[in-house]
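> Predicted coordinates and the sequence they were generated for:
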Amino acid sequence: MSSLTLDKVYKYYGPQLCVLKDINIDVASGEFLVLLGPSGCGKSTLLHAIAGLHQISSGTIALGGNVLNDVPCQNRDIAMVFQSYALYPSMTVAENISFPLEMRSVPRAKRQKAVSDVAALLQIGHLLDRKPSQLSGGQRQRVAIGRALVREPSLFLFDEPLSNLDALLRVEMRTELKKLHQRMGRTTVYVTHDQIEAMTLASRIAILDKGIVQQLGTPNEVYNRPANLFVANFIGSPR
Ligand code: ADP
Ligand code: MG
């Protein structure tokens, strides 16, 4: 069981600036939830709070029924993929993917097997000896995804992972991410400001504006029955 529960989550930056207001979201085990909203609405803040990169001001975050609030990020069994690939430039692709396992003292033979499995899945087996500087943007993002996959976490977090890629590659990677999720079935929270990306990937979408969830529903529901004018305008619902 790796359902994620966000219960009455608030986040303040200083006494005046409330960037997350009463966030209540249940993400079922294996679900692909997309957090969609305009720039500055609080998407990254929420994702970072789930990952444990910063504390929330109040509320509860739980994974598989275990409260995470006071669990340090390295003990959360969560892997995150960022918009910037954040690969280690001096390491090869294989070393980059293997690194999280090395940190956990996984034996060498097991690491090699895990790296080659993930590389096969992401079709980067031929790139394992290269350095990140010798890769295209799409290839780098695949390596970053590989480094998250290799840990086999209970929860995947993605923060606009495709927004640095050109339009064609974005569509291709979107399709691949969808296939990957269908194959692995891991609980995923995926942040984007791209409506089409949200509609194609999500089992449900949480639409955020000014730190408030405006609507939580299936792509079909938010598109055909927008809860308010903001959602209708943002999604581009028919009038
Ligand atoms: P998004 O990812 O949706 O673009 P963010 O979560 O990055 O939005 O930011 C939400 C709001 O919080 C913005 O108004 C941003 O300026 C503010 N913010 C983000 N990080 C900090 C910080 N460390 N200190 C103060 N304000 C911040
Ligand atoms: Mg952001």
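Structure received. Ligands and ions are numbered 1, 2, ... in the order given.

> Could you use CA atoms for every contact and neighbour count after this?
OK.

> Tell me the residues of the protein that contact ligand 1?
13, 19, 39-45 (C-alpha under 6 Å from any ligand atom).

> Angles on the backbone of Val213, please.
Per-residue torsions, Val213: phi -70, psi 110 (degrees, to the nearest 10).

> that older thread, could you flag which of the residues of the chain next to ligand 1 are buried?
19, 41-45 (16 or more other C-alpha atoms under 10 Å).

> Tell me what the residue nearest the centre of the chain is bridged to.
For the chain, the residue nearest the mean C-alpha position is Phe158 (1.8 Å; C-alpha atoms, centre = their mean). Beta-bridge pairing of Phe158 under DSSP bridges involves Val81, Tyr190.

> mind listing the strands for the chain?
Remark: strands assigned in the chain by DSSP state E are 4-13, 17-27, 32-36, 58-63, 66-67, 78-81, 155-159, 187-192, 204-209, 212-217.

> among these, which is the most enclosed?
Burial of the strands of the chain is given as mean neighbour count (mean count of other C-alpha atoms under 10 Å); strand 32-36 ranks first at a mean of 26.

> Would you give the sheet partners of that strand, along with the direction of each?
Applying DSSP bridges, strand 32-36 is found paired with strand 187-192 (parallel), strand 204-209 (parallel).

> Dump the ones you listed to TSV, plus mean pLDDT.
Formatted as TSV, those follow (pLDDT from 0 to 100):
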stretch	mean pLDDT
strand 187-192	97
strand 204-209	98
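
> before we move on, the earlier item: out of the buried ones among the residues of the chain next to ligand 1, which two sit at the greatest distance?
Across those, the longest distance by C-alpha to C-alpha is 10.5 Å; it joins Val19 and Ser44.

> Switch the strands paired with strand 32-36 over to a markdown table; also include distance to Ala86.
Conversion of the strands paired with strand 32-36 to a markdown table gives the following (distance: least, C-alpha to C-alpha, whole Å):
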| stretch | distance to Ala86 |
| --- | --- |
| strand 187-192 | 17 |
| strand 204-209 | 26 |
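
> and the longest helix for this protein?
With secondary structure taken from DSSP state H, the chain has its longest helix at helix 167-184.

> pull the CA atoms of it into PDB?
Extracted in PDB, the C-alpha atoms of helix 167-184 (Å, rounded to 0.1, in the frame of the first residue of the first chain):
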ATOM      1  CA  ALA A 167       7.600  20.300 -28.500                       C
ATOM      2  CA  LEU A 168       8.100  17.100 -30.500                       C
ATOM      3  CA  LEU A 169      10.200  15.400 -27.900                       C
ATOM      4  CA  ARG A 170       7.700  16.500 -25.200                       C
ATOM      5  CA  VAL A 171       4.900  14.600 -26.900                       C
ATOM      6  CA  GLU A 172       7.100  11.500 -27.400                       C
ATOM      7  CA  MET A 173       8.300  11.500 -23.700                       C
ATOM      8  CA  ARG A 174       4.700  12.000 -22.500                       C
ATOM      9  CA  THR A 175       3.700   8.800 -24.300                       C
ATOM     10  CA  GLU A 176       6.600   7.000 -22.900                       C
ATOM     11  CA  LEU A 177       5.900   8.200 -19.300                       C
ATOM     12  CA  LYS A 178       2.400   7.000 -19.700                       C
ATOM     13  CA  LYS A 179       3.500   3.500 -20.800                       C
ATOM     14  CA  LEU A 180       6.100   3.400 -18.000                       C
ATOM     15  CA  HIS A 181       3.500   4.200 -15.400                       C
ATOM     16  CA  GLN A 182       1.100   1.600 -16.900                       C
ATOM     17  CA  ARG A 183       3.900  -1.000 -16.700                       C
ATOM     18  CA  MET A 184       5.200  -0.100 -13.200                       C
END
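
> That one: which residues count as buried?
170-171, 173-174, 177, 181.
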